[in-house]
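K.L.:
coordinates only, no sequence provided:
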């Protein structure tokens, strides 16, 4: 029996997926109960009156080329959040299975797990070592019911990369017993290759990618899960049949054109330069205790009086993230890197 069928919820493994309307664009559509006219005056053959292609082949092919995986290893959906939710629903039985997370980290892993009724096991990052991954503790806390391990690299909200070899060792140690999901939403801002190159040799490893950050499409909601084709096939059973709206598809395809990718690379260079400037200048401001190095598009900073810092930023028309609810970050704020002018305004507000 397949390792994915052994790991997944039995009822999901046995589930017969919903059969959406056939996708045969060469034929005129009289089979999906759609209106035959476009309400916006667009092309009636391809306007918003028509359902989009389920798992659009053109988008999957471009993402597969960009991320250097096979098309069969790609699932697209509404940002990374949808993939996180699908993973928890597909692999975790309510009241029985566990998800392991390493706080402080992205909160949606725990939210999705708890919505599904899974127990959340927390293994904190080692704050005294720059929020490093505690590989030994992660493996010690994994048990027979630990179905999913979520690791975020670069980590949100701390901004640091996790040790790539440690993540690969965790995946090997949990081979066929846990799906180890590495969230690389911010990897384009770092000087490190994606772990997606290891997918073929380590089938229980999965990688989350998104167009929300580096490609500037947060409002379009388009993300991808890169994983073993068996995992992708399982999740396709439970993802909504038309998960990528037509306008999102058009925006994503445009962002993946060669000229657009070249523009993205140039903007990433500017953002890294601004990140370096903020990292240099923030520690010299009164009230700033420390600023952690970052491989993402934000910085985490600790303040003597974070409430006042939030108020002064707002008075300057700027909003930064209050990170004090994260464990171990009682005086921290997370600062997204903005335009050079925005960054200068924030520095002035805190001077």
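P.N.:
Arrived safely, thanks for sending. Keep in mind that what you see is a predicted model, and the values were worked out from it rather than measured.

K.L.:
wait, a strand at residue 347?
P.N.:
No: counting by DSSP: H, G, I helix; E, B strand; the rest coil, residue 347 is not found in a strand; it is helix.

K.L.:
that one against residue 282, yeah?
P.N.:
Yes: in this structure residue 347 lies within contact range of residue 282 using CB atoms under 8 Å: 7.3 Å. Heads up, the C-betas are built off the backbone N, CA and C, glycines and all.

K.L.:
of the two, give the one with the bigger neighbour count.
P.N.:
Legend: neighbour count by other CB atoms under 10 Å for residue 347 and residue 282, higher for residue 282 (19 against 16).

K.L.:
quick check: mean pLDDT across stretch 119-137?
P.N.:
The average pLDDT within stretch 119-137 is 97.

K.L.:
run through who's touching it.
P.N.:
Identification of contacts with stretch 119-137 by CB atoms under 8 Å, 6 or more residues apart in numbering yields 97-105, 109-110, 113-114, 138, 141, 145-146, 151, 155, 158, 160, 162-163, 166-167, 169-170, 292-293, 327-328.

K.L.:
just the buried ones out of these, please.
P.N.:
97-105, 109-110, 113, 138, 145-146, 151, 155, 158, 160, 162, 166-167, 170, 292 (16 or more other CB atoms under 10 Å).

K.L.:
so which strand or helix has residue 275?
P.N.:
Element membership for residue 275 (DSSP states H and E) is helix 258-281.

K.L.:
buried ones in the helix or strand following that helix, by neighbour count?
P.N.:
Under the assignment DSSP H and E, the closest C-terminal helix or strand after helix 258-281 is strand 288-291. Neighbour counts over strand 288-291 (16+ other CB under 10 Å) mark 288, 291 as buried.

K.L.:
okay, now the sheet partners of strand 288-291, with direction.
P.N.:
According to DSSP bridges, strand 288-291 has the following sheet partners: strand 298-303 (antiparallel).

K.L.:
helices or strands up against the helix or strand following the partner strand?
P.N.:
Following strand 298-303 in sequence order, the next helix or strand is helix 306-315 (DSSP H and E). Helix 306-315 sits against strand 332-336, helix 340-349, with contacts defined as 3 or more CB pairs under 8 Å, 6 or more residues apart in numbering; DSSP states H and E.

K.L.:
repeat that for 10 Å
P.N.:
Where contact means 3 or more CB pairs under 10 Å, 6 or more residues apart in numbering; DSSP states H and E, helix 306-315 is packed against strand 298-303, strand 321-322, strand 332-336, helix 340-349.

K.L.:
next one: it to chain centre, how far?
P.N.:
Chain-centre distance of helix 306-315: 29 Å, with CA atoms, centre = their mean, to the nearest Å.

K.L.:
go on, stretch 126-144?
P.N.:
The chain centroid and the centroid of stretch 126-144 are separated by 21 Å, computed with CA atoms, centre = their mean.

K.L.:
any idea how far apart the tips of it sit?
P.N.:
25 Å (CA to CA, to the nearest Å).

K.L.:
ok, now stretch 276-287?
P.N.:
Stretch 276-287 end-to-end distance (CA to CA) = 20 Å.

K.L.:
so of the helices and strands packed on helix 306-315, which one's packed in deepest?
P.N.:
Burial of the helices and strands packed on helix 306-315 is given as mean neighbour count (mean count of other CB atoms under 10 Å); strand 298-303 ranks first at a mean of 22.

K.L.:
tell me the angle that strand makes with strand 332-336.
P.N.:
With axes from the mean of the first three to the mean of the last three CA atoms, to 10 degrees applied, the angle from strand 298-303 to strand 332-336 works out at 150 degrees.

K.L.:
I'd like the average pLDDT over strand 298-303.
P.N.:
Averaging pLDDT along strand 298-303 gives 98.

K.L.:
repeat that for stretch 332-343.
P.N.:
What stretch 332-343 shows for mean pLDDT is 98.

K.L.:
equivalent analysis for stretch 68-83, please.
P.N.:
Throughout stretch 68-83, pLDDT has a mean value of 97.

K.L.:
now it: buried residues?
P.N.:
For stretch 68-83, by 16+ other CB under 10 Å, it's 69, 73, 74, 75, 76, 77, 78, 79, 80, 81, 82, 83.

K.L.:
just give me the closest of these to residue 254.
P.N.:
Nearest to residue 254 out of these is residue 76 (CB to CB; 15.2 Å).

K.L.:
quick one: that closest one from residue 195, how far?
P.N.:
19 Å (CB to CB, to the nearest Å).

K.L.:
show me what the helix or strand encompassing residue 234 is packed against.
P.N.:
For residue 234, the host element (DSSP H and E) is helix 229-236. Helix 229-236 is packed against helix 3-7, helix 10-13, strand 74-77, helix 79-91, strand 205-210, strand 223-226, with contacts defined by 3+ CB pairs under 10 Å, 6+ apart.

K.L.:
list the buried residues of that helix.
P.N.:
Neighbour counts over helix 229-236 (16+ other CB under 10 Å) mark 229, 230, 231, 232, 234, 235 as buried.

K.L.:
for residue 211, see how far away the last one is.
P.N.:
Distance check for residue 235 against residue 211: by CB to CB, it reads 19 Å.
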